[in-house]
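next one to model:
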Amino acid sequence: MRTRRLALLSAAALSALILAGCSGSPAAPEASPSASASADLCSAKVAPGAASDAVTVDGKAGTESTATFTAPLEVTELQSTQLDEGSGDKLQAGDIVQFALSAFDATSGEKLGAQGYNNDLLPQQISPDSALGQVVGCAKPGSRYAVTFPAAEDQGTSAQVYIIDVKGTVPDAAWGEPQAPVDGMPTVELDKDGSPTVTLPKGDIPTEFKKSTLKKGDGAVVEAGDSVLVQYHGVSWDTGDVFDESWGKQPFTFTVGSGVVQGFSDAVTGETVGSQVIAVLPPSVAYGEKSESNTSQLAGQTLVFVVDILAASKPAAQ
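Prediction:
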């Protein structure tokens, strides 16, 4: 089994989280299926061992704490020891898990950094094949683990010790208060799992960007530069076809203002976590007008996105 870190940390700063099995984006439609909820997440967890058993932690689970071990700690394989057992329902494959981590250099004992304690780490969908699934398995919220990662020469990292705290889960669809529909906007019907179906109104195709809030969440306001976790459903107004969606695959992560078409960032900016929005994107804020140099399949088309905002995090402090 190839060892994958949850994040790459350095003494200077924490890098962005590496998501195992990243989903497709509105800027590059392509996606990977998520794990079945019936998958055996409990058996996916790696075993404890001498290295992870040697780690003790001061402080309560869910708070940034200090790991204690005799350095240098010999780490030859991925190991995970449960330090605290939480309460409530066990995690299942497909759950979107909130967690926090602290990292330490196994050779020197130096603390490399921490993420997830101050709204600076997005939740992650868990599966038996994901890095998170390997180290916490079917943990209960409130659980804490000592995890040892061997050195990874291809990633330029030394052996490390992680303290992983499982904080809880977030819904996989918007949970906000339904809002009154806006005249002239496409209408949306939701399936039992929250996945949307869009009905386009008759009349001319819009030429300007516009959006409306379908559900109003009670979470933080999304701002430029935030990392955001969303579900989305995309329809071409020109053809009426669904051209891309995260539903049935896995939620999509992006940074507001980069990596996606402008209109997709505009759709979530100023909205609150837990909200569902619908946005109409003319070519000027989508894939541009079709031309000899712009041969994108979606060039020249007006797009409609329904976006469920599941979580947002601020950039990690440098």
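
name the helix or strand for residue 132, please.
According to DSSP states H and E, residue 132 maps onto helix 131-136.

who's in contact with residue 218?
Neighbouring residues of residue 218 by Cβ atoms under 8 Å, 6 or more residues apart in numbering: 176, 272-274. Every residue, glycine included, has its C-beta placed from N, CA and C.

typo on my end, residue 268
Residues near residue 268 by Cβ under 8 Å, 6+ apart: 222, 228, 230, 256, 277, 307, 309.

please name the nearest non-neighbouring residue to it.
Leaving aside its sequence neighbours, residue 268 sits nearest to residue 222 (Cβ to Cβ, 6 or more residues apart in numbering; 4.9 Å).

hmm, residue 274 and that neighbour touching each other?
No: Residue 222 lies out of contact with residue 274 (Cβ atoms under 8 Å); the separation is 10.7 Å.

so what sits against both of these two?
residue 309.

one step back: show me the contacts of residue 218 that map onto strands.
Among these, no member falls in strands (DSSP state E).

most neighbours among those, which one?
residue 273 (24 neighbours; other Cβ atoms under 10 Å).

picking that back up, and which of the contacts of residue 218 is nearest residue 136?
Taking Cβ to Cβ as the measure, residue 273 is the one of the contacts of residue 218 closest to residue 136, at 23.3 Å.

and stretch 85-95, end to end?
End-to-end span of stretch 85-95 (Cα to Cα, to the nearest Å): 18 Å.

show me the protein divided up by domain.
Following automatic domain parsing, one gets these domains for the chain: 42-170, 177-313.

in TSV, list these along with mean pLDDT.
Formatted as TSV, those follow (pLDDT from 0 to 100):
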stretch	mean pLDDT
domain 42-170	94
domain 177-313	97
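
what are the buried residues along stretch 164-175?
Within stretch 164-175, the residues scored as buried using 16 or more other Cβ atoms under 10 Å are 164-170, 172-175.

no wait, stretch 213-220
For stretch 213-220, the neighbour count (16+ other Cβ under 10 Å) marks 213-217, 219-220 as buried.

ends of it, what's the gap?
Rule used - Cα to Cα; the end-to-end distance of stretch 213-220 is 15 Å.

same question, stretch 170-187
With Cα to Cα as the measure, the ends of stretch 170-187 fall 26 Å from one another.
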